[in-house]
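I need the structure of the sequence given here:
(one chain, ligands or ions: 1)
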Amino acid sequence: MIMSTKNLLILATGGTIAGMAGSATRAEYAPGQIGIEQFLSGARALELNARFTGEQVANIGSEDMGPDVWAQLHARSIAALESDEFDGVIITHGTDTAEETAFLLDMTLPTNKPVALVGAMRPADAVGYDGLRNFANAVRVACDPAAAGRGVLVVMSDRVHAARDVRKSRTRGTEAFCGFPRESVGLVTPSALEWFGAAWRVDEDARFGFAADLPDVPILLIHAGMTPDYVARLVTDQTRGLVVAGAGEGNMPKAVRAELVALAAKGIPIVRASRLDEGLVDREPEDDDNRFVAARALTPQKARILLQLLIASEVSDPASIQLEFDRR
Ligand code: DGL
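Sure, this is the predicted structure:
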């Protein structure tokens, strides 16, 4: 079967995929150095079956990613998804917070066309640069109409991950991403793509609108020996909700819990997540009395984004928040 040539919008934000070390073997490097046109000239040399329109949205390390760049990515992606000009969108991104950008967009974009995030673990001038391989795979994904209806996808090391599941799990090596509870939703090479199962969000509208002024929702990382005053150190007059990165299945010391129960009683939503990589936090009977929400399989950093979007949409009662955490 001959696939027609697709038109893809490539939104560049920086990261290691655009990084330079100045030597093929040096460990230190700077992310966000090469521009989108330079990157795309390398990609065009691969003779992939797609036409690219590149836009430089930012050129930063993704530890500096946040609402301002998200607002631009969101606006440009929506425009592309609504226009006849583009068949899909690829975002190049640093790996450190790729999961947060992917999840934020996953919750705020319609699912009518493919949207893929891609990065690299080695800078562009390093021996064994993985950026072009990952990009070629992302092109394969974004050109497949069957990629639509799966939300935003993260393409790394020959795997396709769903935004809700994906997490960076290693600081070194090219196999740096994993997924939970679904490890991945597909396998990909530049010339082959295999999906595990059917699309699960076909023709869904955006679940939330996006505005850059997201409410203040801190994350409380629980550790042994934590005293209840940690809560007061984190919570200010601006705080609208709080996520607990709990021990084990969202657990916390009794005295900390009492502080959070008092906050929840004042109408500040509290979500219990887990500090574990494979942390599944289900509701426990006391959650009803405590007015707590269980994060299910969302990491604390994604639970924070979902809670921000819910509060920004004026959803603040625990039962309605829980329904949104229960969705896939
Ligand atoms: N600081 C990192 C970032 O932009 C570089 C790491 C990477 O892209 O792999 O996320």
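
Does stretch 120-137 reach the ligand?
Yes - Stretch 120-137 is in contact with the ligand by C-beta under 6 Å from any ligand atom, via Met121. Placement of C-beta: from N, CA and C, glycine included.

Between the two ends of that stretch, what distance do you get?
Start to finish, the residues bounding stretch 120-137 are 12 Å apart (C-alpha to C-alpha, to the nearest Å).

before we move on, what about stretch 91-109?
14 Å.

Please state the offset of that stretch from the chain centre?
Relative to its parent chain, stretch 91-109 has a centroid offset of 3 Å by C-alpha atoms, centre = their mean, to the nearest Å.

neighbours of Gly246, just the number please.
24 (other C-beta atoms under 10 Å).

Could you export the helix or strand hosting it as PDB, CA atoms only?
Secondary-structure element containing Gly246, defined by DSSP states H and E: strand 242-246. What follows is strand 242-246, C-alpha atoms only, in PDB (Å, rounded to 0.1, in the frame of the first residue of the first chain):
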ATOM      1  CA  LEU A 242      -2.600  20.000  47.100                       C
ATOM      2  CA  VAL A 243      -1.200  16.700  45.800                       C
ATOM      3  CA  VAL A 244       0.400  14.300  48.200                       C
ATOM      4  CA  ALA A 245       3.300  12.200  46.800                       C
ATOM      5  CA  GLY A 246       2.600   9.600  49.400                       C
END
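
How far off centre is it?
Remark: strand 242-246 is offset 18 Å from the chain centroid, using C-alpha atoms, centre = their mean.

Could you give the average pLDDT over that strand?
Strand 242-246 shows a mean pLDDT of 98.

Pairing partners for that strand, with directions?
On the basis of DSSP bridges, the sheet neighbours of strand 242-246 come out as strand 219-221 (parallel), strand 270-274 (parallel).

Would you check how far apart Leu153 and Cys178 are?
Applying C-beta to C-beta, to the nearest Å, the value for Leu153 to Cys178 is 15 Å.

more neighbours, these two?
With neighbours defined as other C-beta under 10 Å, Leu153 and Cys178 compare such that Leu153 has more, 27 against 18.

Spit out the contact partners of that one.
Residues near Leu153 by C-beta atoms under 8 Å, 6 or more residues apart in numbering: 102, 114-117, 141, 147, 160-163, 185.

Repeat the analysis, applying 10 Å as the threshold.
Residues in contact with Leu153 (C-beta atoms under 10 Å, 6 or more residues apart in numbering) are 90, 102, 106, 114-118, 138, 141-142, 147, 159-163, 166, 184-186, 188.

likewise Cys178?
156, 159, 161, 165-170, 184, 277-278.

pretty sure Gln38 contacts Ala45?
No - applying C-beta atoms under 10 Å, one finds Gln38 not in contact with Ala45, separated by 11.7 Å.

The residue in the stretch 201-328 of the chain that the ligand sits nearest to: which element?
Residue of the stretch 201-328 of the chain nearest the ligand, by C-beta to the nearest ligand atom: Gln301 (13.4 Å). For Gln301, the element it lies in under DSSP H and E is helix 300-312.

still on that earlier bit, which of the strands paired with strand 242-246 sits most buried?
Burial of the strands paired with strand 242-246 is given as mean neighbour count (mean count of other C-beta atoms under 10 Å); strand 270-274 ranks first at a mean of 27.

ok, and the most crowded of the contacts of Cys178?
Within those, most neighbours by other C-beta under 10 Å means Val166, with 31 neighbours.

residue contacts, the nearest residue to that residue once chain neighbours are set aside?
Nearest non-adjacent residue to Val166, counting by C-beta to C-beta, 6 or more residues apart in numbering: Val154, 4.6 Å away. Contacts for Val154 (C-beta under 10 Å, 6+ apart) come out as 91, 93, 95, 98-99, 101-103, 106, 116-119, 134, 138, 141, 160-163, 165-168, 177, 179, 184-185.

Please narrow those residues to those residing in strands.
The strands, defined by DSSP state E, take in 91, 116-118, 160-162, 166-168, 177, 179 from the contacts of Val154.

Between those residues, which sits nearest Gly267?
Sorting the ones in strands among the contacts of Val154 by how near they are to Gly267, with C-beta to C-beta, puts Arg167 at the top with 30.6 Å.

does that closest one have beta-bridge partners, and which?
Taking DSSP bridges as the rule, Arg167 bridges to Cys178.

Please tell me I have it right and it contacts Pro181.
No - in this structure Arg167 lies outside contact range of Pro181 using C-beta under 10 Å: 11.4 Å.

Show me the common contact partners of those two, please.
Common neighbours of Arg167 and Pro181 (C-beta under 10 Å, 6+ apart) are Glu278.

circling back to that earlier point, return the member of the contacts of Cys178 nearest to the ligand.
Nearest to the ligand, judged by C-beta to the nearest ligand atom, of these is Lys168 at 8.2 Å.

residue contacts, the closest one?
Shown in contact with Lys168 (C-beta under 10 Å, 6+ apart): 62, 94-100, 119, 121, 154, 156, 176-178.
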